[in-house]
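**Student:** Sequence first, then the predicted structure:
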Amino acid sequence: MNTGGKTSFKGSLEAVYQPAQGFPAPLRWRLRNGLRKSFLQGLAVSALARGVSRATGVITLTSELMGSLFFIRDEDRVLYERLREYARHDPDPSLGEMIRQILDRRVRINYGTLAYRVITDNGVAFLVDDWDADTTDITTMNFHACGTGAVAENQTDSALGAEATTITDRVAGTKSQPAANQLRSVGTQSFTGSGAITEHGLFSVITESAGVLWDRSVFAAINVVNGDSIQWTYTCTVAANG
């Protein structure tokens, strides 16, 4: 009895870097941000507002901004810069794919809650105008912007202190409802240059330095360079007595 044959195995095994969980922000940054007067005031006022709503049924609107930084690892930085330069002069798709692979390997730093402030007077007026005569549309409040202004938030704010228009663009968020009384918008801004990002705003239009500002938040600086991105998670809670 004679048996014979040939068996072959083909395929590839590839390790995929997934930065979903990431690392917490440095303790020094967390202390610097969490001990800011504006942060503590926002935390206290948000808790008080929810308590008042539960006790009296008075409707309150509170906000929370969270953020994560995605940055290119040191061992990838030089190659990334060279590929970007080559891609400016050569449309070869393989260059774009190599750049994408580097971006997929970025490290995530979770900065947690950046701020609890502040919904603006203009934002509230925008909401009332939509309800009154449909002259505005509250569903358009979904465009994320950031800047380098450091003056504390104020309900009278109508713009960011210094919107970072030269190193990033506004982006549309992806909306969801984590709870029946919450609206969440998640947007990721990518950067083409260096800067110390210290503020975020949610606007009614994607056009830079335009539109109605719904909410402005200020926080301790998050430093970015070319190739980095920040993912913003903004949540507005409308509380009554629940």
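**Tutor:** Nice, thanks for sending it over.
**Student:** what's the next secondary structure element after the biggest helix by length in the chain?
**Tutor:** Assignment by DSSP state H gives helix 37-56 as the longest helix of the chain. Remark: after helix 37-56, the chain's next helix or strand is strand 60-71, criterion DSSP states H and E.
**Student:** List the strands paired with that next one, with their directions.
**Tutor:** strand 107-115 (antiparallel), strand 229-239 (antiparallel) (DSSP bridges).
**Student:** Please produce CSV containing those, extended by mean pLDDT and mean neighbour count.
**Tutor:** C-beta: built from backbone N, CA, C; applies to glycine. Converted to CSV, the strands paired with strand 60-71 look like this (pLDDT from 0 to 100; neighbours: other CB atoms under 10 Å):
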stretch, mean pLDDT, mean neighbour count
strand 107-115, 96, 19
strand 229-239, 96, 20
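**Student:** quick one: which of these is nearest residue 55?
**Tutor:** Relative to residue 55, the nearest member of those by CB to CB is strand 229-239, separated by 10.9 Å.
**Student:** The closest one: how far from the chain's middle?
**Tutor:** 8 Å (CA atoms, centre = their mean, to the nearest Å).
**Student:** same deal with stretch 26-45?
**Tutor:** 18 Å.
**Student:** hey, C-alpha coordinates of it in PDB?
**Tutor:** Provided in PDB are the C-alpha atoms of stretch 26-45 (Å, rounded to 0.1, in the frame of the first residue of the first chain):
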ATOM      1  CA  PRO A  26       1.000  62.300  33.000                       C
ATOM      2  CA  LEU A  27       0.200  62.800  36.700                       C
ATOM      3  CA  ARG A  28       1.700  66.300  36.600                       C
ATOM      4  CA  TRP A  29      -0.700  67.300  33.800                       C
ATOM      5  CA  ARG A  30      -3.700  65.800  35.600                       C
ATOM      6  CA  LEU A  31      -2.900  67.700  38.800                       C
ATOM      7  CA  ARG A  32      -2.300  71.000  36.900                       C
ATOM      8  CA  ASN A  33      -5.600  70.700  35.000                       C
ATOM      9  CA  GLY A  34      -7.700  69.300  37.900                       C
ATOM     10  CA  LEU A  35      -6.600  72.000  40.300                       C
ATOM     11  CA  ARG A  36      -7.500  74.900  38.000                       C
ATOM     12  CA  LYS A  37     -10.100  77.200  39.500                       C
ATOM     13  CA  SER A  38     -12.200  76.900  36.300                       C
ATOM     14  CA  PHE A  39     -12.100  73.100  36.400                       C
ATOM     15  CA  LEU A  40     -13.200  72.900  40.100                       C
ATOM     16  CA  GLN A  41     -15.900  75.500  39.600                       C
ATOM     17  CA  GLY A  42     -17.300  73.600  36.600                       C
ATOM     18  CA  LEU A  43     -17.200  70.300  38.500                       C
ATOM     19  CA  ALA A  44     -19.000  71.800  41.500                       C
ATOM     20  CA  VAL A  45     -21.600  73.700  39.400                       C
END
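**Student:** Identify the residues contacting it?
**Tutor:** Identification of contacts with stretch 26-45 by CB atoms under 8 Å, 6 or more residues apart in numbering yields 24, 62, 111-112, 114-118, 152-153, 218-220.
**Student:** same thing but at 10 Å, please
**Tutor:** By CB atoms under 10 Å, 6 or more residues apart in numbering, the residues outside stretch 26-45 that reach it are 24-25, 60, 62-65, 109, 111-118, 151-154, 217-223.
**Student:** what about the helices in this protein?
**Tutor:** Using DSSP H, helices in the chain cover 27-34, 37-56, 74-89, 93-104, 121-133.
**Student:** Out of the ones you listed, which gets nearest to residue 167?
**Tutor:** Nearest of the helices of the chain (CB to CB): helix 74-89, 14.3 Å.
**Student:** quick one: the closest one to strand 60-71, angle?
**Tutor:** Between helix 74-89 and strand 60-71, the angle comes out at 90 degrees (axes from the mean of the first three to the mean of the last three CA atoms, to 10 degrees).
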